[in-house]
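*Asks:* Model the structure of this input:
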Amino acid sequence: MPIGRDLFDLTGRIAIVTGAASGLGEAISYGLAVFGADIVAVDVEAAGLGRVCEKVKGVGRAALPVICDVRSAEEIQSMVAQCVDRFGRIDVLVNNAGISRRALAEEMTHDQWDDVLAVDLTGPFLCCQEVGRTMIRQGGGRIINIASVAGLVGLRTGNANYCAAKGGLISMTRALALEWAKHNVLVNAVAPTHIRTPLIEAVLEDAEKKAYFLGNIPLGRLGEASEVVGPVIFLASDAATLITGTVLCVDGGHTAQ
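*Replies:* Below is the predicted model:
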């Protein structure tokens, strides 16, 4: 394959991004669009989806907003059908939707456990399953699961449910990569450290927790949503045609310790 700038060109590719209405999902949707992809923006929040789709259209790409709860197999099936009806194919799936329900393990409720596992692990599996069927039929595609360093190392901030979900997501990524390699469906994960998003802003108001977060990152600062976009574009592009089953840490050195 010739080496050139067009290795990262995503023009004409169709990308589904879940959790697209804010934070990482918004940044990823816009970044993929800047590099040429048309975007299916998926979330439960209608207002945020409208804003994201306007940004995508602002760089000349098509955008389809879809209200979808990733906990529902039926809603995911409908979302995928809408995407295929509109664009005819799916080239990239970014499983970004996620929630956090912090509580110390001895105080965590079943609902807090179940909610996080449902959105952060079962939801990505259901999306992979439904989108994977389409990608297998069309002869290939890219799946990028937004995991976390919490899937690779433990956290002391009441995140047993989140760590379990993200660890499971990383293991699922590897398993699907092996199952679907023969179909040219490449499955990878991106594992960010603590990123400044609406999900974490409230936590940063606690000085002790903020110090703990920063103390885990050798670069000494939180990540920005924009810093996760490049790795996602790379994994979605022709520069990553031999990469599957890997976890790309975007963590400021967090997991090097």
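*Asks:* Okay, and Gln82 sits in which element?
*Replies:* Here Gln82 is covered by helix 73-87, with elements defined by DSSP states H and E.
*Asks:* could you give the mean pLDDT of that helix?
*Replies:* Average pLDDT, helix 73-87: 98.
*Asks:* try stretch 154-169
*Replies:* 94.
*Asks:* Tell me the buried residues in that stretch?
*Replies:* By neighbour count on 16 or more other CB atoms under 10 Å, the buried set for stretch 154-169 is 155, 157-169. For the C-beta atoms, the positions are set from N, CA and C on the backbone; glycine is no exception.
*Asks:* nearest to Arg71, of those?
*Replies:* Taking CB to CB as the measure, Ala165 is the one of the buried residues of stretch 154-169 closest to Arg71, at 12.6 Å.
*Asks:* Now do the same for the closest one: helix, strand or coil?
*Replies:* With DSSP: H, G, I helix; E, B strand; the rest coil as the basis, Ala165 sits in helix.
*Asks:* So it versus Ala118, what's the distance?
*Replies:* Ala165 sits 9 Å away from Ala118, taking CB to CB, to the nearest Å as the criterion.
*Asks:* try Ala103
*Replies:* Computed as CB to CB, the Ala103 to Ala118 distance reads 16 Å.
*Asks:* for Pro65, same thing?
*Replies:* Here the criterion is CB to CB. By it, Pro65 lies 23 Å from Ala118.
*Asks:* and what of Val153?
*Replies:* For Val153, the distance to Ala118 (CB to CB) stands at 23 Å.
*Asks:* all strands in the stretch 101-250 of the chain, in order from the N-terminus.
*Replies:* 141-146, 185-192, 195-196, 223-224, 247-250 (DSSP state E, counting those that start in this stretch).
*Asks:* coming back round to it: which of Pro65 and Ala118 has more neighbours?
*Replies:* The residue with more neighbours, out of Pro65 and Ala118, is Pro65; 22 against 17, by other CB atoms under 10 Å.
*Asks:* quick one, what contacts the nearest residue to that one once chain neighbours are set aside?
*Replies:* Once flanking residues are discounted, Pro65 sits nearest to Leu49: 4.0 Å by CB to CB, 6 or more residues apart in numbering. Contacts for Leu49 (CB atoms under 8 Å, 6 or more residues apart in numbering) come out as Ala20, Ala21, Ala41, Val42, Asp43, Pro65, Val66, Ile67.
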